[in-house]
Structures are given as C-alpha cells and as structure tokens.
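Engineer: sequence unknown, structure follows:
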C-alpha cells in the first residue's frame, strides 16, 4: 500500500527532509539533524507537520453526553474553548487510543486521534454514538495540523495573527474615554495551556490551540489542508530569524520522551490500562449521568476494578548510569539478572546527555532510587528509577 | 542526499568500509551514517583485540537508533579513533575521513563488495 502524503509533502521535499513511513503516512523523519532540531525546540522553536493525525468532529445536542459514555473523561463538563487529554478504552479497560478533545461550542467537539488509530477510533465512536443525538464527521483528510513548539513559539504565532488591538468606540455618550479592546493576537497570547481559540493566522482561518507534545510552550494550528502550505511558509519566514527550524518525527519522539509523555504503541496499547501508565487521573469514575447517577461509560466496570486493585505493573522513568541506551522492548532486570519488566521507550537524552527510558516494572520495584538493569543487546546496563518527567521547562 | 562511495575502498553489506594498508583503516559508510542520524556514542574494540571477519565488534548509537559494527576483516586492532570516540559527530559529518573508526593489522579479508556493488545494494 502506498503511503498517504501530507498536504505539506511538497514543502518537506523542498526542504530536503528524510521521509519515513509512519502509520501509513510518508512523513519527515528529520530535515537536517535530529539533535539540532531537538535543541532548537528546547531553546528557540521547532515547526512540525502533524497532518497525519486524525480529526473527528462530534456535533449535536447530545455530543457531550455521548462522549461521556464513549470516553473515560468527563467531556460534557468541559468549557467551550478548552481541551482535555483523555482516552478511549475497550470494555475490558485496555487503551484503544489516547486523545485530545476540544470543545469548540456547546454542541461541537473535536477529537484528535493518533494516525495509527484513526480508523479504529472512528468506528468505535460511531458505534458508541448510536442512540444519541450526535453525529460524527471525519475531518482528517481536509485538515492539516501544524505545531509550533518552543520558548519562542508565542512570539512567532502571535506575530502571524491578524489584527492589532482595536479601539472600541464609547457607547455611553460623550465624555467617555475610548477603550482598547483586546485583538486576536492578544487572545492568542492570553491562551492558557490546553485552551484553543479561532484566529486568522497568516491570512488563513485556524483553530489555534495551546497544546503540544514536546514539554515546551507551544501551539498547534488546525487549518484547511489546501491552506497549509501558506501557513507553513509564513511560520518559517517569521520564525527562522528567531531560531525556528522545521523538525521531524525523530526530534518529536526524543522531545516527548524527555517530557515523560506516553506514545501509543510504546507506553500505551490494548493490554495497558490508564492506571498502569500512571494516568488514572484521566479516568473519571466520578462522572454522573443527567439523573445524577454513576455514568456507565464504556470500560467503567473493568476500570473501577483496576482502580481498586494493586496494579501488576507501573510505568517508571529510568536513568542510564552507563552510555548504552535502553530501547523499546528491552528486558528490565533485577539485581539477580531475572527479567522483571520491559522498556517501552528509550534513547540517549540530548538535553540530559545520558540515556533515559520509560519502562513497566512491578510496583515493588518502582520507587525512585531503585537500582535495576536493562539487558542492552546481551549485556546488563545499570539503571536507576527516577521521577518523571526527565525534563521540565523553566516557567 | 546521495552518498559518494570512494572507488578505492572495500565495502561490506553491513555498511562498513575498509581501506587496504598496513594497517588497514575501517569505518562506516555515509549511507549508514545518514540512516543513523546524529551519532552520539561509539563502542569500539580495544587496541590489541583480535577480531574476526563478520563478527560484531562494536556499536554505533544515535538518538534514534543503534547499529552494530561488523568487522570487514580478521586481524588485530592496532588503533581506535579516539577523536571520534570523544566526538562521535565526526562519524556523521565525515564518515570516510576524520570519522574513521579502527586501524587493523589484517590477516584475512571477509566477503567484500566494490563501490559499485555496494552502491547497488544500498540503493536497495
């Protein structure tokens, strides 16, 4: 099967990107250097094409209630203009995908799914929405997603948002002082983390969200696919003098690992519950139905049991004490060399200068400071359990 | 980017190169270096170590992945490129030059390819 092409494919080719096949899409792995792209995001800004991700719009009078039943989060309680990190699970509590859900209006939600899971999420949601006055529209193909991440992201994105602050005419009669009304750029600047607002970016209508997957401040811009190249080029033009570079999936992966953020397929999969991954807080066992009773969302029974039981395994951060990095799938060993867990993600951390990894281990071995080892291609490398995330930006 | 493979070198299917000499010089190809991305750590055999053609003799690690180093020849390691161990980015930036890895007193060559044969293989 031929890989799908992003609406920004020609931009990537023109920039000399090394392309890789990812979840059925041909996407940039890197443009020049993984390390340079990673560092640019930590110190200035990076520009990412995330158009492979899925966008599902859920609309209707019962859209919020339907999502409460379909997902583990309490989406009907979400304020308009805000976003939530949440999950869709199977009836047995296993994670089908992790999602970000935006409430765009009272009766309109946007569900953002991982590229590898869009078809599954769409069909599960379609089934779970049955019986509710709510409809699903898959906007993935017509939507491009562009992320601007890093400490200079705010300056770059607000610089592209149309309209300065405007003077509001006094309406209370003569003698009143004209007041400055916040303009669209101010609205973007004032956006809180996990909030979104509609704005015109580089002449293109966009949903501007203050979200990301890098551990830095940043924005994600949802725009029409055909308008994406104009936005991409404008961000590059404004951002380059400020140190922004285009960044590929390789940098995205090392950035999210340092930030301790899970990747579906690594930390999360069909056999993982949100509790295993330390993400039990996203499961809202306390959400209620319109009658005030416990809301019977899909997976509730299984997750309630898991919440009450001691988990069999828990996700931890590991810091390598040697040079050789643990990688996805490597066995975690105890002091006697017996396998006690498995590495879900691992790499030499560009920011910390030593190997880091996330791994599932038994709760008894999950305390910070616990000394373990990882079988790195036949040789035990010493590691220590450390708190997640590995990297936290200065605020 | 198209890597140019110097015609006077021997190549392996595992993306090493060997320059004949006394001692011979061993490194990895530009194709391998590009595929790895930024190289951050090299693990190489010690000076004096006996190595066998086709055996794994080291590791080359980048942020994204790790690759094993296969010996293109049998013999004795007489020098390792300490500059590249200290600054592995040399291997990324100049794999056929300053980013060489080992010097080896060769007693026997493993199966090797010409530059053209290697280019055809690498093109896949």
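Structural biologist: Perfect, I can see it now. Keep in mind it's a predicted model, so treat the numbers as computed, not measured.
Engineer: rest of the way, CA atoms for contacts and neighbours
Structural biologist: Will do.
Engineer: residue boundaries of the helices in chain A?
Structural biologist: Along chain A, the stretches classed as helices by DSSP state H are A:9-14, A:34-43, A:63-70, A:118-129, A:153-158, A:184-189, A:228-239, A:249-258, A:300-308.
Engineer: Let me know which of these is the nearest to residue A:350.
Structural biologist: helix A:34-43 (6.6 Å; C-alpha to C-alpha).
Engineer: So which bits of chain A are right by chain B?
Structural biologist: By C-alpha under 8 Å from any C-alpha of the partner chain, the part of chain A that sits against chain B consists of A:33-35, A:250, A:254, A:323-324, A:347-350.
Engineer: Go again with 7 Å.
Structural biologist: Counting by C-alpha under 7 Å from any C-alpha of the partner chain, chain A comes close to chain B at A:33-35, A:250, A:347-348.
Engineer: In CSV: the helices of chain A, plus mean neighbour count and mean pLDDT.
Structural biologist: Shown next, in CSV, are the helices of chain A (neighbours: other C-alpha atoms under 10 Å in any protein chain shown; pLDDT from 0 to 100):
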stretch, mean neighbour count, mean pLDDT
helix A:9-14, 14, 98
helix A:34-43, 23, 97
helix A:63-70, 24, 98
helix A:118-129, 17, 98
helix A:153-158, 22, 97
helix A:184-189, 19, 90
helix A:228-239, 19, 98
helix A:249-258, 24, 98
helix A:300-308, 16, 95
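Engineer: could you redo these as CSV and give each row distance to residue B:91?
Structural biologist: Below are the helices of chain A laid out as CSV (distance: least, C-alpha to C-alpha, whole Å):
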stretch, distance to residue B:91
helix A:9-14, 25
helix A:34-43, 14
helix A:63-70, 51
helix A:118-129, 39
helix A:153-158, 33
helix A:184-189, 43
helix A:228-239, 30
helix A:249-258, 19
helix A:300-308, 49
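Engineer: so which of those gets nearest residue A:368?
Structural biologist: Closest of the helices of chain A to residue A:368 is helix A:249-258, at 16.7 Å (criterion: C-alpha to C-alpha).
Engineer: the inter-axis angle of the closest one versus helix A:34-43?
Structural biologist: Here the directions of helix A:249-258 and helix A:34-43 differ by 50 degrees (axes from the mean of the first three to the mean of the last three C-alpha atoms, to 10 degrees).
Engineer: so how far is helix A:249-258 off the chain centroid?
Structural biologist: Helix A:249-258 has its average C-alpha position 12 Å from the chain's average C-alpha position, going by C-alpha atoms, centre = their mean, to the nearest Å.
Engineer: Centre-most residue in chain B?
Structural biologist: Taking C-alpha atoms, centre = their mean, the centroid of chain B lies closest to residue B:27, which sits 2.4 Å from it.
Engineer: Give me the contacts around the helix or strand that contains that residue.
Structural biologist: For residue B:27, the element it lies in under DSSP states H and E is strand B:24-28. Contact with strand B:24-28 is made by B:15-19, B:95-96, B:100-106, as judged by C-alpha atoms under 7 Å, 6 or more residues apart in numbering or on different chains.
Engineer: which one of the helices of chain A lies closest to residue A:388?
Structural biologist: helix A:249-258 (8.6 Å).
Engineer: list the helices and strands that closest one packs on?
Structural biologist: Counting contacts by 3 or more C-alpha pairs under 7 Å, 6 or more residues apart in numbering or on different chains; DSSP states H and E, helix A:249-258 is packed against strand A:25-30, helix A:34-43.
Engineer: can you list contacts of the first one?
Structural biologist: This means strand A:25-30. Applying C-alpha under 7 Å, 6+ apart, the set of residues contacting strand A:25-30 from outside is A:3-5, A:12, A:17-21, A:52, A:247-250.
Engineer: Check the longest one too.
Structural biologist: Residues outside helix A:34-43 that contact it (C-alpha under 7 Å, 6+ apart) are A:46, A:149-151, A:216, A:243-245, A:247, A:250-251, A:255, A:350, B:37-38.
Engineer: Of the residues of chain A next to chain B, which is the nearest to residue A:141?
Structural biologist: Nearest member of these to residue A:141, counting by C-alpha to C-alpha, is residue A:250, at 23.7 Å.
Engineer: quick one: contacts for the closest one?
Structural biologist: Residue A:250 is in contact with A:29-30, A:34, B:64, counting by C-alpha under 7 Å, 6+ apart.
Engineer: Tell me if the lengthiest helix in chain B is near chain A.
Structural biologist: Longest helix of chain B, by residue count under DSSP H: helix B:115-123. No. Helix B:115-123 lies apart from chain A when judged by C-alpha under 7 Å from any C-alpha; the minimum separation is 14.8 Å.
Engineer: and that helix, what other elements does it pack with?
Structural biologist: When contacts are defined as 3+ C-alpha pairs under 7 Å, 6+ apart, helix B:115-123 packs onto strand B:10-11.
Engineer: I'd like to know which elements the strand it packs on is packed against.
Structural biologist: Contacts defined by 3+ C-alpha pairs under 7 Å, 6+ apart place strand B:10-11 against strand B:16-19, helix B:115-123.
Engineer: gap between residue B:13 and residue B:113?
Structural biologist: 7 Å (C-alpha to C-alpha, to the nearest Å).
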